[in-house]
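Asker: would you be able to build a 3D model of this:
(one chain, ligands or ions: 1)
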Amino acid sequence: MEKLKNFIDGKYVEPIAGNYIDNYEPATGKVYCLIPNSDAQDVEMAVQAAEKAFPIWSAMSTEERSAVMVRISEGIERRMDEFVAAESRDNGKPLTLAAHVDIPRAVSNFHFFATAIIHFASESHYMEGVGVNYTMRKPLGIVGCISPWNLPLYLFSWKIAPALASGNCVVAKPSEITPYTAYLLGQVCKEAGMPDGVLNILHGEGGSVGDAIVKHPKVKAISFTGGTKTGEYIARTAAPMFKKLSLELGGKNPNIIFADCDFDDMLSTTLRSSFANQGQICLCGSRIFVERPIYEKFKKAFVEKVENTVVSYPTDKHAKLGAVVSKPHMEKVMSYVELAKEEGGTVLTGGHRVIMEGEYSEGYYLRPTVIEGLAYDCRTNQEEIFGPVVTITPFDTEEEVLMMANSTQYGLSSTLWTNDLKRAHRMADKIHAGIVWINSWLVRDLRTPFGGVKASGVGREGGWEALRFFTEPKNVFIKY
Ligand code: NAD
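Answerer: As a prediction, this is how the structure comes out:
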C-alpha cells in the first residue's frame, strides 16, 4: 500500500518515529494509503529547515519570490487532472466539484498572492513641520499553517500562499483525513524552484503534529482553519507565547428569504448553498428562514428539487453530492437527524444513508435532508452539523428573523434574499456575521476580508488582511 511522506527541507522523508495512520477513501469506505503520524521530532526537523531557509527566502526580491509562486500556480494547473482526481478520491466530493472549484481555486490562491505582494505597499505618515513616519512590513520568520478536510488544497493554499509571498518560511499541516493533494504540492514546489526548507509539509493527527507546531517556540504565528473547539485549544496554548493568531472556525449560517425575492434564482442558489460539497462548507446556509407568505410555496419547490438531486460516487458525472468525508462524520451527521426528531422536527426529505452498489456499497453517502418544525433555539438549530442537513423555519417580521439569525454563538456568513434595497442594507448592517451575501452565495473576490465574528473566529484572511497578518509592522520616525 502507498505510504505518503513528509516534505521537509525540499525532500520527501519518512516520519522519524515511523508511525503511520490509515487514509480512507470515503467513496468506498476502504483504506487506500498510509500517512505519517508525525510528532514533535518531525516538527523540530521542519523548523530547523525553515530557519536555515528564512535568510535566503526573505532576502529574495519580491519579484523573485513572486516568480516562484507564479510557477507553483502554473505547476498545479499543468497537473490539474491529477490534483482533481486526488482531491475527489481523498475527500469523497464529486470529481466535477474538485475540477470546477477546489483545484482551480488553489491555482488562483497562489497566483493571487504571487501578484498581490508586488502591489503591497507600506504606509507613511507625515507630521507637519516635525518629521515623517514610515512603516516597514517585515516577514515574521517561521509560521504554522493548519487546515481542515472540507476544501483541502483550497484552504491549505489560502494560508500558505500569503505566508510565503510575504517572505515567511512555513511549517504546514493539512488535515490527516485529506492529506493527498498537500502531499503532491511538495513536488510542484520543488519543480517551481522554491528553495529547500521554505515550505515544509507535515502529515498526521492534530493532537500530535498539529499540537507540536502550535507549541514550538520558534513558530511565530499560527493560521488555523477548523472547528471552534480546536481553535479554542490553540488560542489557549499559543496566547502565553504571544503568537499571532488567525482563527477561521465553525459556522451555523442563516439563509434569510423574503417574499419579494427572485424566486427561481433564490431556489437554485439555495439548493447549492445548502448542499454543495455535501453541506461541508463552512459557508453553507444551514438555517433557512422563509417569510411566511411564501413559506409553503418554498417548501414544496425546495423539497421537490432536493428529491431530484443525485447522490452518487464521486466519478459519476451526474453526481451533485458525493460521499461525506468519513464514517465518524457520517455518524455525527446522522445523530443530528435523530436529535432533530427528538426535538420535534419533521424530516421532509432525506434523513438516511444511501447504500450504493458494488465497490461503493460501504461508502459514506447521505441523502440531502430538509427538516421543519423546530424551535430556532433548539440544539439542531444552534450547533454546527457540517453535513447535508438544513432546517426551514417561517418568520413574520425583520425583527423576528434577525433575532433568530443572530441567536447562535457563531457569526461567519449569511445570505439574504430580497429586492427591497433599503431592507437589504438595514439587514446587512444588523446581521452578526463577517460576510453577507445579498441575492447570491459564495461569490468570492480574493481581495475582500474573509472571516467571522463571535465563535466563528478571530482575524480575517484574504487580500491585504492576510499580508498584514503574515508581516510585522515596524514604524520609523525621522525628525526634520
Ligand atoms: P478540526 O478542528 O478537527 O481540524 C482542523 C485541523 O486542525 C486539522 O488539520 C487537525 O488535524 C488539526 N488539529 C486538531 N487538533 C489540533 C490540535 N490540538 N492542535 C493543532 N492542530 C489540531 O476541524 P475539521 O473537522 O478538520 O474541519 C471542520 C471544521 O472546520 C468545521 O467546524 C468548519 O466550520 C470549520 N471550517 C471553517 C472555515 C472558515 O473559514 N471559517 C473553513 C472551513 C472549515
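Asker: and for the host helix or strand of Met404, what's in contact with it?
Answerer: Using DSSP states H and E, Met404 falls within helix 398-405. When contacts are defined by C-beta atoms under 8 Å, 6 or more residues apart in numbering, helix 398-405 is touched by residues 254, 256, 287, 289, 291, 376, 393, 395, 414, 423, 426-427, 430-432. C-beta here means a position set from N, CA and C on the backbone, and glycine is covered the same way.
Asker: after that helix, which helix or strand is next? Please name it.
Answerer: Later in the chain than helix 398-405, the nearest helix or strand by DSSP H and E is strand 413-417.
Asker: strand partners (parallel or antiparallel) of that following strand?
Answerer: strand 253-257 (parallel), strand 435-438 (parallel) (DSSP bridges).
Asker: can you put those strands in a markdown table and add mean pLDDT and mean neighbour count?
Answerer: Shown next, in a markdown table, are those (pLDDT from 0 to 100; neighbours: other C-beta atoms under 10 Å):
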| stretch | mean pLDDT | mean neighbour count |
| --- | --- | --- |
| strand 253-257 | 98 | 28 |
| strand 435-438 | 98 | 20 |
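Asker: columns distance to the ligand on top of the ones you listed, output as JSON lines?
Answerer: Below are the strands paired with strand 413-417 laid out as JSON lines (distance: least, C-beta to the nearest ligand atom, whole Å):
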{"stretch": "strand 253-257", "distance to the ligand": "10"}
{"stretch": "strand 435-438", "distance to the ligand": "10"}
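Asker: so who does the closest residue to the ligand within the stretch 251-400 of the chain touch?
Answerer: Going by C-beta to the nearest ligand atom, the ligand is nearest to Cys282 of the stretch 251-400 of the chain, at 3.3 Å. For Cys282, the contacting residues are 150, 225, 248, 250-251, 386, 412-413, by C-beta under 8 Å, 6+ apart.
Asker: next one: Asp90
Answerer: The contact partners of Asp90, by C-beta under 8 Å, 6+ apart, come to 23, 25, 152, 178-181.
Asker: helix or strand: which one has the residue positioned nearest the centre of the chain?
Answerer: Geometric centre of the chain, nearest residue: Leu155, 4.7 Å, by C-alpha atoms, centre = their mean. Using DSSP H and E, Leu155 sits within helix 152-165.
Asker: what are the buried residues along the next helix or strand after that helix?
Answerer: As assigned by DSSP H and E, the chain's next helix or strand after helix 152-165 is strand 169-173. Buried residues in strand 169-173, counted by 16 or more other C-beta atoms under 10 Å: 169-173.
Asker: measure Tyr376 to Asn168 for me?
Answerer: 43 Å (C-beta to C-beta, to the nearest Å).
Asker: no, scratch that, I was asking about Ile16
Answerer: 24 Å.
Asker: in terms of packing, which of those two has more residues around it?
Answerer: Asn168 (26 against 15; other C-beta atoms under 10 Å).
Asker: ramachandran angles for the more buried one?
Answerer: phi -80, psi 160 (degrees, to the nearest 10).
Asker: ok, then the element right after whichever strand or helix holds Tyr12?
Answerer: Here Tyr12, judged by DSSP H and E, is contained in strand 11-13. Toward the C-terminal end, the helix or strand that comes next after strand 11-13 (DSSP H and E) is strand 20-25.
Asker: name the surrounding residues that touch that following strand.
Answerer: 3-4, 30-37, 89-90, 92, 176-177, 179-180, 204-205, 326-327.
Asker: excluding its backbone neighbours, what's nearest Lys5?
Answerer: Nearest residue to Lys5, sequence neighbours excluded (C-beta to C-beta, 6 or more residues apart in numbering): Tyr12, at 4.1 Å.
Asker: can you list the residues of this structure near the ligand?
Answerer: 146-150, 155, 173, 175-176, 205-207, 210-211, 214, 225-227, 230, 233-234, 248-251, 282, 384, 386, 412, 452, 456-457 (C-beta under 6 Å from any ligand atom).
Asker: buried ones only from the residues you listed, please, as a ChimeraX command.
Answerer: Of those, the buried ones go into a single ChimeraX selection, burial set by 16+ other C-beta under 10 Å:
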select :146,147,148,149,150,155,173,175,176,205,206,210,211,214,225,226,227,230,233,234,248,249,250,251,282,384,386,412,452,456,457
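Asker: narrow the residues of the chain next to the ligand to those in helices?
Answerer: 155, 211, 214, 230, 233-234 (DSSP state H).
Asker: return the member of those nearest to Thr270.
Answerer: Leu155 (23.7 Å; C-beta to C-beta).
Asker: the closest one: what's it in contact with?
Answerer: Contacts of Leu155 (C-beta under 8 Å, 6+ apart): 147-148, 225.
Asker: and it, what pLDDT?
Answerer: Per-residue pLDDT puts Leu155 at 98.
Asker: for stretch 239-259, what is the distance to the chain centroid?
Answerer: Centroid separation for stretch 239-259 versus its chain: 11 Å, with C-alpha atoms, centre = their mean, to the nearest Å.
Asker: can you show me the CA trace of that stretch as PDB?
Answerer: Written as PDB, here are the backbone C-alpha positions of stretch 239-259 (Å, rounded to 0.1, in the frame of the first residue of the first chain):
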ATOM      1  CA  ALA A 239      -1.600  33.000  23.800                       C
ATOM      2  CA  PRO A 240       1.000  32.700  26.600                       C
ATOM      3  CA  MET A 241       3.700  32.500  24.000                       C
ATOM      4  CA  PHE A 242       2.400  35.800  22.400                       C
ATOM      5  CA  LYS A 243       2.000  34.200  19.000                       C
ATOM      6  CA  LYS A 244       0.000  36.000  16.300                       C
ATOM      7  CA  LEU A 245      -3.200  34.000  15.700                       C
ATOM      8  CA  SER A 246      -5.600  33.900  12.800                       C
ATOM      9  CA  LEU A 247      -8.500  31.600  13.500                       C
ATOM     10  CA  GLU A 248     -11.200  30.600  11.000                       C
ATOM     11  CA  LEU A 249     -13.700  28.500  12.800                       C
ATOM     12  CA  GLY A 250     -17.200  27.000  12.600                       C
ATOM     13  CA  GLY A 251     -20.400  28.400  11.400                       C
ATOM     14  CA  LYS A 252     -24.200  28.000  11.500                       C
ATOM     15  CA  ASN A 253     -25.100  30.400   8.800                       C
ATOM     16  CA  PRO A 254     -28.600  31.800   8.200                       C
ATOM     17  CA  ASN A 255     -30.200  32.000   4.800                       C
ATOM     18  CA  ILE A 256     -32.900  34.600   5.000                       C
ATOM     19  CA  ILE A 257     -35.500  34.600   2.300                       C
ATOM     20  CA  PHE A 258     -38.100  37.400   1.900                       C
ATOM     21  CA  ALA A 259     -41.200  37.100  -0.100                       C
END
